[in-house]
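J.: Fold the following and give me the result.
(one chain, ligands or ions: 1)
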Amino acid sequence: MRIDVLTLFPEIFTHFEEWSIIGRIIDKGLVTIRKINIRDFSEDKHKRVDDYPYGGGPGMIMKPEPIYSAIKEVKSDNSKVIYLSPQGKVLNQQLVNRLSKEEHLILLCGHYEGIDNRIIENYVDLEISIGDYVLTGGEIPAMVLIESIIRLLPGALGKESYKEESHFNGLLEYPQYTRPRVFNGLSVPEVLLSGNHQKIQEWRKYQSLKNTYLKRPDLLENIQLTDEEMKILKKIKEEFDR
Ligand SMILES: NC[C@H]1CCC[C@@H](CNc2ccc(C(N)=O)cn2)C1
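T.: Model (predicted):
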């Protein structure tokens, strides 16, 4: 997979590319990430990339030409141009899974008050939001998007491979514990020390359903539960809906 990030602040991505899992996935050659400085595509002698908004109003707007030239430079037939913005489709694992199958992603990071709408309307394939809040630039949302996607690439997660649950099968994860057995007088649930894998699996499924029902019941609307899971959920509702 190829990812090109169009940004005015390429330096923010330097450590990101070397950091932890991202660096390892890049070193494995599973993805190449390029930082394209939009300012390099500004034609005017002052290298302007922004200008005052038509119709007045606060702040500056990113000019369309430099962005268009940058997109044209990197775009090919199999490219998807993604603009990170609060107006985008809110990112979830389903969308991440879908994007992880793409060959070439071009991530456009906006800044200031916005980018000229003619870019969004005519050259952006997909607007994505990482959540309902506003940031100064699209760079951090771009990093969130990149990490969520590339960790799914085949071979990305080696020994630290994820379990199905943490891979977000739609339910929230069960509680996790490690040594010591007793910490500040708090001990680990006995079942996890029993070595009884059937019981451990049942306990974990119960905990996932309980966590999801108590913390994010909305997620349960979009999941097809098995008969077994429905039975467990019914028990949980009786227990907690007193
Ligand atoms: N002023 C609105 C808009 C103008 C153009 C630049 C964006 C960058 N900021 C972002 C980008 C994305 C998100 C998100 N939730 O994914 C939040 N913030 C902000």
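J.: make it CA atoms for all contacts and neighbour counts henceforth
T.: Will do.
J.: Spell out, range by range, the strands that occur in this protein.
T.: 2-7, 32-37, 50-51, 61-62, 79-90, 104-109, 114-115, 126-129, 182-183, 186-187 (DSSP state E).
J.: counting contacts, what elements does the second one pack onto?
T.: Other helices and strands packing on strand 32-37, by 3 or more Cα pairs under 8 Å, 6 or more residues apart in numbering; DSSP states H and E, are strand 2-7.
J.: cool, the longest one as well?
T.: Of the remaining helices and strands, those touching strand 79-90 by 3+ Cα pairs under 8 Å, 6+ apart are strand 104-109, strand 126-129.
J.: Tell me which of those strands lies nearest to the ligand.
T.: The ligand lies closest to strand 126-129 among those, at 3.3 Å (Cα to the nearest ligand atom).
J.: Next one: residue 141 from the ligand, what distance?
T.: Look at residue 141 and the ligand: by Cα to the nearest ligand atom, to the nearest Å, they are 5 Å apart.
J.: Name the residues that touch the helix ranked longest in the chain?
T.: Longest helix in the chain, counting residues (DSSP state H): helix 197-215. Contact with helix 197-215 is made by 171-175, 191-192, 219-220, 229, 232-233, 236, as judged by Cα atoms under 8 Å, 6 or more residues apart in numbering.
J.: Make a markdown table from those residues and add neighbour count, pLDDT and distance to the ligand to it.
T.: A markdown table is the format used below for the contacts of helix 197-215 (neighbours: other Cα atoms under 10 Å; pLDDT from 0 to 100; distance: Cα to the nearest ligand atom, whole Å):
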| residue | neighbour count | pLDDT | distance to the ligand |
| --- | --- | --- | --- |
| 171 | 23 | 95 | 23 |
| 172 | 22 | 97 | 22 |
| 173 | 21 | 96 | 24 |
| 174 | 18 | 98 | 28 |
| 175 | 10 | 98 | 29 |
| 191 | 15 | 98 | 41 |
| 192 | 17 | 98 | 39 |
| 219 | 13 | 95 | 20 |
| 220 | 15 | 96 | 24 |
| 229 | 15 | 96 | 34 |
| 232 | 17 | 97 | 36 |
| 233 | 19 | 97 | 33 |
| 236 | 17 | 97 | 34 |
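J.: Just these: which are in helices?
T.: 219, 220, 229, 232, 233, 236.
J.: Give me the distance from the helix or strand bottoming out on mean pLDDT in the chain to the chain's centre.
T.: Sorting the helices and strands of the chain by mean pLDDT, DSSP states H and E puts helix 14-18 at the bottom, at a mean of 89. Chain-centre distance of helix 14-18: 17 Å, with Cα atoms, centre = their mean, to the nearest Å.
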